[in-house]
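Peer 1: Dropping a prediction and its sequence here:
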Amino acid sequence: MLKVFNSPSQKSFVRLHDAKFLVSRTLSLTKNGSEYRRATRTTMTTIGPKWRSNIIENNERILEIARSCKRVAVVGIKDVDKATQPAYFVPLYLQSAGVKVVPVPVFYPDATEMLGEPIFREVQDVPECSSLDIVNLFRKPSDIPGHVEDIIAAKPKCVWFQKGIRNDECAEQFAQAGIQVVQDRCLKVDHANAISQSSL
């Protein structure tokens, strides 16, 4: 809770939930200038669970994650028979850009490799899985819960939900486990943009 004083003899309490709500509530509860500044400082330093900082929505931070990735596991990767689908051409692009791609297919039960790389059926089975920069998800939002336990056990640096994919509940679970999360963005596009900007 955040303690806010209306006057030296009166106290009010505001539960920390939403940043915008808390700021507006603080403004309405404090009238003296010095009390307002004190409450605002407390709001900005105390607000919200720490894990929320792992939900990455700032464009510059997203581009930095894309730019710096060296090793990416692709969950739901497709093979060349689906060459027109993002689940194939996105990891193909990453590989061509020098990123180490680790295939983690959901289908293709008889396959042993994709893009010339050995496949793994779970992210946590990938050697040195905790050093993975990104786990790139190509799964329907309703299918993501089935991967949460495996991915949290692997402890990658970031889980990236591909463009058009969003599951806020699963994103929160990853964030609470200390894993950064990017939702509804194309890793191919953001990586290309990040590399292009860095070369200017």
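Peer 2: Done, it's in.
Peer 1: Any idea how many residues pack against Asp184?
Peer 2: 14 (other C-beta atoms under 10 Å). Bear in mind the C-beta positions are built from the backbone N, C-alpha and C, glycine included.
Peer 1: quick one: which helix or strand includes the nearest residue to it once chain neighbours are set aside?
Peer 2: Nearest non-adjacent residue to Asp184, counting by C-beta to C-beta, 6 or more residues apart in numbering: Arg166, 4.8 Å away. For Arg166, there is no helix or strand it lies in under DSSP states H and E.
Peer 1: mind checking pLDDT for Arg166?
Peer 2: Confidence at Arg166, expressed as pLDDT, is 97.
Peer 1: and Val135, that's in a strand?
Peer 2: Yes: according to DSSP: H, G, I helix; E, B strand; the rest coil, Val135 belongs to a strand.
Peer 1: show me what contacts it?
Peer 2: 72-75, 104, 123, 151, 154, 156, 158-160 (C-beta atoms under 8 Å, 6 or more residues apart in numbering).
Peer 1: Just those: which are in helices?
Peer 2: Here DSSP state H is the test, and the contacts of Val135 give 151, 154 as lying in helices.
Peer 1: Pipe the contacts of Val135 into TSV and attach neighbour count and distance to Leu115 per row.
Peer 2: Shown next, in TSV, are the contacts of Val135 (neighbours: other C-beta atoms under 10 Å; distance: C-beta to C-beta, whole Å):
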residue	neighbour count	distance to Leu115
Val72	24	11
Ala73	26	12
Val74	30	9
Val75	25	14
Val104	27	12
Val123	23	17
Ile151	26	21
Ala154	22	20
Pro156	25	19
Cys158	22	21
Val159	31	20
Trp160	28	18
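Peer 1: how about Val102, secondary structure?
Peer 2: Assignment for Val102 (three-state DSSP): strand.
Peer 1: hey, C-alpha coordinates of the helix or strand containing Phe174 in CSV?
Peer 2: Using DSSP H and E, Phe174 sits in helix 168-176. Below are the C-alpha coordinates for helix 168-176, written out as CSV (Å, rounded to 0.1, in the frame of the first residue of the first chain):
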residue,chain,number,x,y,z
ASP,A,168,-1.6,-12.0,-21.7
GLU,A,169,-2.1,-14.7,-19.0
CYS,A,170,0.9,-16.8,-20.3
ALA,A,171,2.9,-13.6,-20.8
GLU,A,172,2.4,-12.8,-17.2
GLN,A,173,3.5,-16.3,-16.1
PHE,A,174,6.7,-15.9,-18.1
ALA,A,175,7.3,-12.4,-16.8
GLN,A,176,6.8,-13.6,-13.2
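Peer 1: ok, the residue nearest to Asp184 - contacts?
Peer 2: So Arg166 contacts 141, 183-184 (C-beta under 8 Å, 6+ apart).
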